[in-house]
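S.K.: coordinates for the following, if possible.
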Amino acid sequence: MTTLESLLSITDFEQQWMANADRAIGQYVAGGAGSDSTVAANVAAFDDVWLQPRGVLSDCPVNLDPTVTLFGQQQAFPVVLAPTSPQRLVHPQAELATARAAGSRGVVSIVSTDSHYPYSDIAETAPSRTWFQLFAYRSRRDIEATLEFAESCGTSAIVVTVDTFVPGWKPRDLQQAWLPFLNGMGVGNYFQDPVFRAALEQTPEQDQGAATGHFLGVQANPSLSWDDLARLREMTSLPILVKGIQSVEDAREALRRGLDGIVVSNHGGRQVDGAIAALDALPPIVDAVGGRTTVLFDSGIRRGPDVIKAMALGARCVLLGRPYAFGLAVDGEKGVREVLENLVADIDLTLGLSGCSSFAELGRENLVEVPYPPSVPEK
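M.R.: Numbers count the residues shown, from 1 in each chain. All right, here's what the predicted structure looks like:
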């Protein structure tokens, strides 16, 4: 019998859950856009970046400092749980379990606007350890109301996702004719929002179908512009991060618009089939912003060495998405916590064995960016 403790890698958790998962749900969670080429590229990109351990006979670090500070708040280690939705797909406790697990390990979880449970309930489970992810609606009034709501719940930062103004092409989801929101999942924040409810002829409790239809009409804004983000900056004093940056031009624009951080991400390969790996986008963006804004990294993280490599390339912290969702699916809060425990152990060991006592010591000099194994000249 498989026990939680025997699941050590992210692959273990994924295989354990997928073996018994409903096909439509499994494809929705694990799959990406089109042929999944970008999902594969995100993971494979780490295989072309290799750590070069140094200083192995010069007092190799034992007492490591894995902490990082983000917007004045210390993190126990440089991992933030990315917004994924709706988590009710894989476990009844959904975001409640995720936030509790993250808070217990001293790290932040980013709660999606499309969470199954209202953000007010989720934030209570991990005070000061949640950020709110915002989809910029069509209506300014909706945005203002949502920001006020998030601030009242105690969010520490706002993360605006900009790469999902329309869903990516996902043939397998289309073949199943299946979308979680049509099944009443991921609408908790909307259905309790007074502004949202005021636009309905009947309450969501009276007519869920009509409420879901209205949700689909306002949830995303295809005409979102940089000017909209500048206006968002005027609405709140909280740190604002923009998630979904993949080009130097967009990174520079985010900097010009006064945003506090960017998340280099291709949405885990779920939006554009054939897009470049997120890791390949990271170094030029880091160089372009030159330390003038906080850069986080998302998409493709599966192991401790992946975290080290992204940090060495200039990320201040990484986001973890599917891996913790697999842990949640296997055993709720305990599963998420186990994924984090395993990952942090891997991070600590890899950092120390690479010759560093903290992430501040990491840099590109710790990496060799070549395909491996290297070609061997013919004799």
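S.K.: neighbours around the closest residue to Pro86 other than its chain neighbours, how many?
M.R.: Distances taken as Cβ to Cβ, 6 or more residues apart in numbering place Gly186 nearest to Pro86, at 3.2 Å, with adjacent residues excluded. The way it works is simple: take the backbone N, C-alpha and C, and place the C-beta from them, glycine included. By the measure other Cβ atoms under 10 Å, the count of residues near Gly186 is 26.
S.K.: my guess is Gly186 contacts Arg88. True?
M.R.: Yes: counting by Cβ atoms under 8 Å, Arg88 is a contact partner of Gly186 at 7.4 Å.
S.K.: who touches Arg23 in this structure?
M.R.: Under the criterion of Cβ atoms under 8 Å, 6 or more residues apart in numbering, the contact partners of Arg23 comprise Gln176.
S.K.: for Phe181, see how far away it is.
M.R.: Applying Cβ to Cβ, to the nearest Å, one obtains 19 Å for the distance of Arg23 from Phe181.
S.K.: just the CA trace of the one helix or strand Asp287 maps to, in PDB.
M.R.: Using DSSP states H and E, Asp287 sits within helix 278-289. Once side chains and other backbone atoms are set aside, the C-alpha atoms of helix 278-289 remain, and they are given as PDB (Å, rounded to 0.1, in the frame of the first residue of the first chain):
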ATOM      1  CA  ALA A 278       9.600  30.400 -19.300                       C
ATOM      2  CA  LEU A 279      13.200  29.800 -18.100                       C
ATOM      3  CA  ASP A 280      14.600  30.900 -21.500                       C
ATOM      4  CA  ALA A 281      12.700  34.200 -21.000                       C
ATOM      5  CA  LEU A 282      14.100  34.800 -17.500                       C
ATOM      6  CA  PRO A 283      17.700  36.000 -18.000                       C
ATOM      7  CA  PRO A 284      17.100  38.700 -20.600                       C
ATOM      8  CA  ILE A 285      14.200  40.100 -18.600                       C
ATOM      9  CA  VAL A 286      16.300  40.100 -15.400                       C
ATOM     10  CA  ASP A 287      19.100  42.000 -17.400                       C
ATOM     11  CA  ALA A 288      16.500  44.500 -18.800                       C
ATOM     12  CA  VAL A 289      15.000  45.600 -15.500                       C
END
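S.K.: show me what that helix is in contact with.
M.R.: 42, 45-46, 49, 245-248, 251-252, 255, 262, 264-266, 295, 297-300, 309-310, 313-315, 364.
S.K.: for that helix, buried residues please.
M.R.: Ala278, Leu279, Asp280, Ala281, Leu282, Pro283, Ile285, Val286, Ala288, Val289 (16 or more other Cβ atoms under 10 Å).
S.K.: check stretch 354-365 too.
M.R.: Ser354, Gly355, Cys356, Ser357, Phe359, Glu361, Leu362.
S.K.: where do the helices of the stretch 151-300 of the chain begin and end?
M.R.: In the stretch 151-300 of the chain, helices defined by DSSP state H, counting those that start in this stretch lie at 171-176, 188-192, 194-198, 208-218, 226-235, 248-256, 278-289, listed in chain order.
S.K.: figure out which of the ones you listed is closest to Phe326.
M.R.: Across the helices of the stretch 151-300 of the chain, Phe326 has its closest neighbour in helix 171-176 (18.1 Å, Cβ to Cβ).
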